[in-house]
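A.B. asks: Got a sequence here, can you model it:
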Amino acid sequence: MFITGLGTATPPKRYTQIECWEAAQYAPQFSRLNLRSRAIIKKVLCSNNGIDSRRLALDSLTEVFDLTPDALHTRFTKNAPALATQAAERALQEAGLSAKEIDAVIISTCTGYLCPGLTSYVSERLGLRADALCLDLVGQGCGAAIPNLRTGEALLASGRCQRVLSICVEVCSAAFYLDNDPGVLVSACLFGDGAGAAVLSSQPNPKRRQVKWKTSSTMLSPSDRDLLRFEQRGGMLRNILTPQVPAAAAQAAEHVLHDVLASAEVSRDQIRAWVWHAGGREVLVALRKKLKLSEADVRHSAAVLREFGNISSPCVYFVLQATLADNVPDGLWWLSSFGAGFSCHGALLEVE
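C.D. replies: This is a model prediction of the structure:
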């Protein structure tokens, strides 16, 4: 399988963390939080936590405090199809393909639910063929991109499809929640909105750098499910984010990396670029420590985190796009995402 086109999209409004702090202080929900919770919000938004700004699907920051089930669902239904379509259009343009040439579309999300799923809306907006296979994948959190891409690989390998559109979209601002739980508060200060898309093909694109999917693997640890997950409360999604997540992510990432490199008979020294999900500053610190990576090794993930926040499942499309644009040397690259499950996924790419 080859990745022949990449596209990303975010809402147009960019909000700095300081602007978010200034808005939070005047929100009615802020006065109902205890002093410790207010201090947590101030610390996360005003100190150096690796994030300068986020893109949120809001006309103004006051909207983010409209935390009712109907308002959040409306935010998702309005923005998820639009962001996914925009990212897909850009991926198709880079691949030099029309929508009619796509045989299947796979869309992953965890921040909202529609039936029919997002594929119905995105197929309509893109103008995909009526016989294109549509798959909606849900509930895989920040790690969803690689399972999505692996599903595309399976469709291509089966010979049933020649070109597959892979999309991840998250409207994280449609899943915000506020109470005195530290994980809930950090989540509200960490996540941003966005979409990423890739055109997958059995043939390379001669007009761009060749990105070949070599092999991949996944590790799922259900016993660690409660470290990071959504629950439902009052008809709204509420993120459970525990302090153990950075260490769990680093340990799982090491395990998957070791397994894939061993099966491919590749040494770690052969990896020329690292494309990591940017889950947060502490996650990147844990990855660096566990895997003995340099600051330069995670610079593209850190840059995406700094500009967009944690955009969940689309993140690795953004990081891969930035790495390709930076003229990192050809060779073997490592792509990895992780999140709810607790799950971790990794793929070995060959770029030339």
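A.B. asks: Could you use CA atoms for every contact and neighbour count after this?
C.D. replies: Fine.
A.B. asks: Now residue 206. Its backbone dihedrals?
C.D. replies: phi -70, psi -10 (degrees, to the nearest 10).
A.B. asks: go on, residue 66?
C.D. replies: Dihedral pair for residue 66: phi -80, psi 80, per degrees, to the nearest 10.
A.B. asks: Quick check: the gap between it and residue 310.
C.D. replies: From residue 66 across to residue 310, the span is 21 Å (Cα to Cα, to the nearest Å).
A.B. asks: of these two, who's got more company?
C.D. replies: Remark: of residue 66 and residue 310, residue 310 carries more neighbours, 28 against 16, as counted by other Cα atoms under 10 Å.
A.B. asks: Quick check: bridge partners of the more buried one?
C.D. replies: Going by DSSP bridges, residue 310 is paired in beta bridges with residue 191.
A.B. asks: wait, it sits on residue 279?
C.D. replies: Yes. Using Cα atoms under 8 Å, residue 310 and residue 279 qualify as a contacting pair, with a distance of 5.5 Å.
A.B. asks: so what sits against both of those two?
C.D. replies: Among the neighbours of residue 310, none is also in contact with residue 279 (Cα atoms under 8 Å, 6 or more residues apart in numbering).
A.B. asks: Helix, strand, or coil at residue 130?
C.D. replies: Following DSSP: H, G, I helix; E, B strand; the rest coil, residue 130 is assigned to coil.
A.B. asks: List the residues that contact residue 126.
C.D. replies: 85, 89, 99.
A.B. asks: thought the second one was touching residue 7?
C.D. replies: Yes. Between residue 89 and residue 7 a contact is recorded at 7.3 Å, counting by Cα under 8 Å.
A.B. asks: quick one: the helices in the chain?
C.D. replies: Secondary structure of the chain (DSSP state H): helices at 17-24, 28-32, 35-46, 69-95, 118-126, 145-158, 182-190, 245-264, 281-291, 299-308, 315-325.
A.B. asks: Give me the angle between the last one and helix 299-308.
C.D. replies: Counting by axes from the mean of the first three to the mean of the last three Cα atoms, to 10 degrees, helix 315-325 points 120 degrees away from the direction of helix 299-308.
A.B. asks: any idea which of the helices of the chain scores lowest on pLDDT?
C.D. replies: Lowest mean pLDDT within the helices of the chain: helix 28-32, a mean of 89.
A.B. asks: what comes up buried for it?
C.D. replies: Residues of helix 28-32 classed as buried: residue 30 (neighbour count, 16 or more other Cα atoms under 10 Å).
A.B. asks: can you check stretch 176-196 too?
C.D. replies: For stretch 176-196, burial by neighbour count (16+ other Cα under 10 Å) applies to 176-178, 182-196.
A.B. asks: same deal with stretch 59-79?
C.D. replies: 61, 64-67, 69, 72-73, 75-77, 79.
A.B. asks: closest to residue 254 among these?
C.D. replies: residue 76 (34.1 Å; Cα to Cα).
A.B. asks: Surely that closest one is in contact with residue 174?
C.D. replies: Yes. The criterion here is Cα under 8 Å, and residue 76 meets it with residue 174 at 5.7 Å.
A.B. asks: what sits in contact with each of those two?
C.D. replies: Residues touching both residue 76 and residue 174 (Cα under 8 Å, 6+ apart) are 111-112.
A.B. asks: tell me the phi and psi of the residue most central in space within the chain?
C.D. replies: Nearest to the mean C-alpha position of the chain, by Cα atoms, centre = their mean, lies residue 313 at 2.2 Å. Note on residue 313: its backbone torsions stand at phi -60, psi -30 [degrees, to the nearest 10].
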